[in-house]
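*Asks:* After the sequence you'll find the predicted model.
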Amino acid sequence: MSALGPSGRVITFYSYKGGTGRSMALVTLAWVLASNGKSVLAVDWDLEAPGLHRYFRPFLVDPELRDTPGLVDYVWDVAKERLTPASAPSDTRRDTARTLDDYVVGLDWDFGERGSIALLPAGRQDENYPQRVNTFDWDNFYERLGGGRILQAARDDLRKSYDYILIDSRTGVSDTSSICTVQLPDMLVVCFTLNHQSIRGASAVARSVQAQRGDDFRIYPVPTRLENAETDKLKSWLNVATTVFNPLLHHVPPQKRDTYWSGVRIPYRTFYAFEEVSPAFKDEPHAFDSILASIERLASWITRGDVDTMQTIDEARREEIVKAYAYTDAEPGTPRAVEEVPLSQRLRRELEFRLQLKVPVAFAGFVGIVLLALFMWTLQSERRDAQTQLVQQKAALELANADKDKRVAIFDTYLSAYCDLKIGIGEDRDKLARCMSDIERALRGVRMKSGKSDAPDARQAAKYVGEQTSK
């Protein structure tokens, strides 16, 4: 039994939009509380985009949750139990004493005397997970199967086992987000970034929750991802945020609200944009302007001064854990071993990988070039034949209707056109020069013959032009 016993606190972390750092804030608070001897359960209720488990990856036996059931599997199992007739054979009915605790997994970490962190994942991350999420009928679960009572009973059972239950809610406005923000929690942490959409959307949800739960329901607005690059904009939007959210801070005395806002705002740090590392391990202890420090001050407000700092972890151990979060280049999705891979081995892997990639690509490229050249040669050949035939036909037509003294001019015109045709389709320059020389000699012969009375008729002349120009 936990120290808080039946009064274990349920805290939901909510954001109207994604990208606020909500999950990271929840995980960091879990480490702060657990380091101070609290038993903590982190619940991934962001069913459409689960990812809380990645912040705990180095400490899980099944880091990718391939074989670990979770919340979605729980509601499906409970729904099947309720729909199975009591008279059905015992082997077709599931254990009716099933609880959420059956789907909880612990973390492999020594917290000392009694602190602990456990995870209730969103569900088994296999190929059927999207189908299980998208086909579950929450309306039917609530209206016909008593889902509201089931989840409230499950929450009360968890309160007996944990000091703090931290729920990572999905974003926006939906059935599952209202379960997390209205029905289940004892208090609500609202994360938002400093822009119009995030502030207005988050504050509207927060006001709706407080209207349903009453003024005694504690709401903690937390601005996140704050940068110092634009100080004027930062100050302006912080004023907007405080004006919008201050009416919800009934539990914070007016004279302490400036202290609250200056303490809980979470700065932006580029490092955390790349891997799901908790600031509990990366940030320097006791630094005032770090993400960890902001979460420690938030913890003090949530616990009303009971927890206000994270117990120090040995620096070498912290560095070891941060390395364990990193991914290798060779095997995406696999955590990097704590021991560094030797340089020679990394270079060999890189070379093998690139050779495996480049050999088939190079062969495919060579085949493509050959096929392209063959296609272009065929196309040019067909084009040359068609245009040559056209020149011959035009020559024959005009020669047939021309006077004898005009035939030389006609020969000149069409032989010149044929030479232009050869140049246009890119014939070899030396070959073209030889071709033009042959044509000129043939042309002189035609001129000589055309000046005599035995000059060839139009049909023979056209044939002669075609024979000469096709060489």
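*Replies:* Cool, the structure landed.

*Asks:* give me the element H250 is part of.
*Replies:* Under DSSP states H and E, no helix or strand contains H250.

*Asks:* Next one: it from G148, what distance?
*Replies:* 27 Å (Cβ to Cβ, to the nearest Å). Bear in mind the C-beta positions are built from the backbone N, C-alpha and C, glycine included.

*Asks:* Likewise for D139?
*Replies:* For D139, the distance to G148 - Cβ to Cβ - is 12 Å.

*Asks:* between the two, who's got more neighbours?
*Replies:* Between D139 and G148, G148 has the larger neighbour count (other Cβ atoms under 10 Å), namely 13 against 9.

*Asks:* In three-state terms, label the nearest residue to P63 once chain neighbours are set aside for me.
*Replies:* Among residues not flanking P63 along the chain, R57 sits closest, at 4.4 Å (Cβ to Cβ, 6 or more residues apart in numbering). Three-state call for R57 (DSSP: H, G, I helix; E, B strand; the rest coil): helix.

*Asks:* Tell me the confidence at R57?
*Replies:* pLDDT for R57: 92.

*Asks:* That one is in contact with L65, isn't it?
*Replies:* No - using Cβ atoms under 8 Å, R57 is not in contact with L65, being 9.8 Å away.

*Asks:* of those two, who's got more company?
*Replies:* L65 (23 against 16).

*Asks:* isn't that one right next to L120, touching?
*Replies:* No - assessed by Cβ under 8 Å, L65 is found out of contact with L120, at 11.4 Å.

*Asks:* tell me which element R304 falls in.
*Replies:* Assessed by DSSP H and E, R304 sits outside every helix and strand.

*Asks:* Just give the number of residues close to it.
*Replies:* 9.

*Asks:* now swap in the one 3 residues further on and tell me
*Replies:* The number of residues packed near V307 is 21, by other Cβ under 10 Å.

*Asks:* what's near enough to touch it?
*Replies:* Going by Cβ atoms under 8 Å, 6 or more residues apart in numbering, V307 touches V32, L33, N36, K38, A299, S300.

*Asks:* Quick check, pLDDT for the fifth one.
*Replies:* When you say that, I think you mean A299. 97.

*Asks:* likewise the first one?
*Replies:* According to the per-residue confidence, V32 scores 96 in pLDDT.

*Asks:* what sits against it?
*Replies:* V32 touches A280, L292, I295, E296, A299, V307, T309, M310, counting by Cβ under 8 Å, 6+ apart.

*Asks:* give me phi/psi at the fifth one?
*Replies:* Here the main-chain torsion angles of A299 (degrees, to the nearest 10) amount to phi -60, psi -40.

*Asks:* That one is in contact with A30, isn't it?
*Replies:* No - A299 is beyond contact range of A30, at 10.0 Å (criterion: Cβ under 8 Å).

*Asks:* So for those two, which sits in the more crowded spot?
*Replies:* A30 (27 against 23).

*Asks:* In terms of helices and strands, where is the more buried one?
*Replies:* Going by DSSP H and E, A30 is in helix 22-35.

*Asks:* and if you look at S177?
*Replies:* helix 175-178.

*Asks:* Quick check: buried residues in that helix?
*Replies:* T176, S177, S178 (16 or more other Cβ atoms under 10 Å).

*Asks:* contact partners of that helix?
*Replies:* So helix 175-178 is contacted by Y14, W45, L47, W138, D139, S169, R170, T171 (Cβ under 8 Å, 6+ apart).

*Asks:* Identify the residues contacting the last one.
*Replies:* What that stands for is T171. Y14, S15, Y16, K17, G18, D46, S177.

*Asks:* Next: the first one.
*Replies:* The neighbours of Y14, taking Cβ under 8 Å, 6+ apart as the test, are R22, S169, T171, S177, C180, T181, L188, V189, V190, C191, A202, V205.

*Asks:* same thing but 6 Å
*Replies:* For Y14, the contacting residues are S169, T181, V190, by Cβ atoms under 6 Å, 6 or more residues apart in numbering.

*Asks:* Surely it is in a strand?
*Replies:* Yes - assessed with three-state DSSP, Y14 lies in a strand.

*Asks:* For it, list each beta-bridge partner.
*Replies:* V190 (DSSP bridges).

*Asks:* ok, now how distant is it from G172?
*Replies:* The separation that Y14 has from G172, given Cβ to Cβ, amounts to 10 Å.
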